[in-house]
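1. Below: sequence and its predicted model.
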Amino acid sequence: MRSKRKSALTALCFALPFSALAKSGGVNYSWGADALATMHDYVVTMMLYVLYICYAVAAVFAVVSAFQIYVKMNAGEDGISKSIMTLVGACLFIIGASIVFPAFFGYRI
């Protein structure tokens, strides 16, 4: 009696995963394609807006940094070349990042 129950339980346990796998093949996943396309468009649009905000912030920082360099030059302080190199490096980073980061994800802006 016990071996029959054990055999029936074993057969039932082996049959359940196969029936679950058989049902998963008939599911229609096409509803997710539209959502994925919509999300892609949203991400690309937001990437452009973030890039424009980065340009605006970088422009403000560049103007403030240039003004600080001008004040240092007129006051005769030390470290003018360091400030100029920092400003040039920051500008090169913003330009490079605006090209490299989108290209990393496969987009051209």
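-> Received the coordinates, thanks. Residues are numbered from 1 along each chain as shown.

2. Name the next helix or strand following the longest helix along the chain along the chain.
-> Ranked by residue count under DSSP state H, the longest helix found in the chain is helix 31-75. Next in sequence after helix 31-75, counting helices and strands by DSSP states H and E, comes helix 80-104.

3. Quick one: mean pLDDT over that next one.
-> Helix 80-104 carries an average pLDDT of 85.

4. Just the buried positions in that helix, please.
-> Within helix 80-104, the residues that qualify as buried are Ser83, Leu87, Ile94, Ser98, Pro102, counting by 16 or more other Cβ atoms under 10 Å. C-beta coordinates here come from the backbone N, C-alpha and C atoms, glycine included.

5. re the thing from before, give me the angle between the longest helix of the chain and helix 80-104.
-> Interaxial angle, helix 31-75 versus helix 80-104 (axes from the mean of the first three to the mean of the last three Cα atoms, to 10 degrees): 170 degrees.

6. what pLDDT, on average, does helix 31-75 get?
-> The average pLDDT for helix 31-75 rounds to 86.

7. now it, how far from the chain's geometric center?
-> 14 Å (Cα atoms, centre = their mean, to the nearest Å).

8. same deal with stretch 94-109?
-> Distance, centroid of stretch 94-109 to centroid of chain: 11 Å (Cα atoms, centre = their mean).

9. coming back round to it: and the buried residues of helix 80-104, which is closest to Ala58?
-> Ile94 (4.3 Å; Cβ to Cβ).

10. Distance-wise, check the closest one relative to Phe101.
-> When distance is defined by Cβ to Cβ, to the nearest Å, Ile94 is 11 Å away from Phe101.

11. so what does the longest helix of the chain touch, helix or strand wise?
-> Packing partners of helix 31-75 (3 or more Cβ pairs under 8 Å, 6 or more residues apart in numbering; DSSP states H and E): helix 80-104.

12. The helix it packs on packs against which elements?
-> Applying 3+ Cβ pairs under 8 Å, 6+ apart, we find helix 80-104 packed against helix 31-75.
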